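K.L.:
have a look at this prediction, sequence included:
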Amino acid sequence: MAESVYKVIEIVGSSSESWEKAARAAVERAAETLRDLRIAEVVEQDLQLKDGKVESFRTKLKISFKYEEGGE
């Protein structure tokens, strides 16, 4: 088996509907600029509030992707 190295970054997605949609938005946006995404791990979820009501759902993710020699 060949050896591989993966880089891990943290990103935050938001949605007015759910934590799941916030996570999906973050992954889909990351996939536009990063190649070979491997794992997305939810590390934190929180709510943004306004006037005592939920305004948006936020999901923080750690995403790993294959590290390529000569850049990120």
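P.N.:
Received the coordinates, thanks. Numbers count the residues shown, from 1 in each chain.
K.L.:
chain center to the helix or strand hosting Arg24, what's the gap?
P.N.:
Using DSSP states H and E, Arg24 sits in helix 19-33. Here the centre of helix 19-33 is set off from its chain's centre by 6 Å, with Cα atoms, centre = their mean, to the nearest Å.
K.L.:
which is the next helix or strand following that helix?
P.N.:
Proceeding N to C from helix 19-33, the next assigned helix or strand is strand 37-50, under DSSP H and E.
K.L.:
and the angle for that following strand with helix 19-33?
P.N.:
When axes from the mean of the first three to the mean of the last three Cα atoms, to 10 degrees is applied, the directions of strand 37-50 and helix 19-33 differ by 130 degrees.
K.L.:
pull out the buried residues from strand 37-50.
P.N.:
Within strand 37-50, the residues scored as buried using 16 or more other Cβ atoms under 10 Å are Ala40. Bear in mind the C-beta positions are built from the backbone N, C-alpha and C, glycine included.
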